[in-house]
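In: one predicted model, sequence on top.
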Amino acid sequence: MKIDGACHCGDIRFEADIDPAKVLICHCTDCQTLSGSAYRTVAPALGDSFRLLQGSVTSYVKIAEDGTPRTQTFCPRCGTPIYAGPVEGQRGMLGIRVGSIRQRKQLPPQRQYYCASAQPWAQDISKLPQT
């Protein structure tokens, strides 16, 4: 599936090809901290399919809980996370942040990872009042 997206302020625009069947929720503590929420929803894409159409991302390398170095990218103006991926010079999968994808309504998560780190209250919010 071809997707496109942007950061909150609009300085960054991108497109990529993803497999909707691989969209996931990650409950690791890094994703909780980086998202400012209980979890992060990710759409994996092969790095070669990601195309930055406008702007330049800022990045830094974070060592994940499992010891893997991952490059975290975001908009330097508004701070919107765009993707995480392999460090420079390595090939691999990018984890595009679903909140930055325009077609996010069409990307329901298919699995969850790092559930041992999940916040217990985030598992079933269906009974919370809705407005």
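Out: Great, that's in hand.
In: for this protein, what spans make up the strands?
Out: 2-6, 13-17, 24-26, 40-46, 51-54, 58-63, 69-74, 81-85, 93-97, 111-113 (DSSP state E).
In: so what secondary structure elements neighbour the third one?
Out: In other words, strand 24-26. Other helices and strands packing on strand 24-26, by 3 or more Cβ pairs under 8 Å, 6 or more residues apart in numbering; DSSP states H and E, are strand 40-46, strand 111-113. Yep, even glycine has a C-beta here, placed from its N, CA and C like the rest.
In: which residues touch the last one?
Out: The set of residues that contact strand 111-113 without belonging to it, under Cβ atoms under 8 Å, 6 or more residues apart in numbering, is 24-28, 39, 118.
In: parallel or antiparallel, list what pairs with that strand.
Out: strand 24-26 (parallel) (DSSP bridges).
In: in the strand it pairs with, what's buried?
Out: 24-26 (16 or more other Cβ atoms under 10 Å).
In: ditto for stretch 2-20
Out: Result for stretch 2-20 [16+ other Cβ under 10 Å]: buried residues 3, 5-7, 11-16, 18.
In: against Ser117, how distant is Val61?
Out: Distance of Val61 to Ser117, computed by Cβ to Cβ, to the nearest Å: 21 Å.
In: and these two? which has more neighbours close in?
Out: Taking other Cβ atoms under 10 Å, Val61 and Ser117 do not tie; Ser117 has more neighbours (16 against 11).
In: got a list of what the more buried one touches?
Out: 27-29, 32.
In: return the closest of these with respect to Gly89.
Out: The shortest approach to Gly89 among the contacts of Ser117 belongs to Cys28, at 24.2 Å (Cβ to Cβ).
In: nice, that's everything, thank you.
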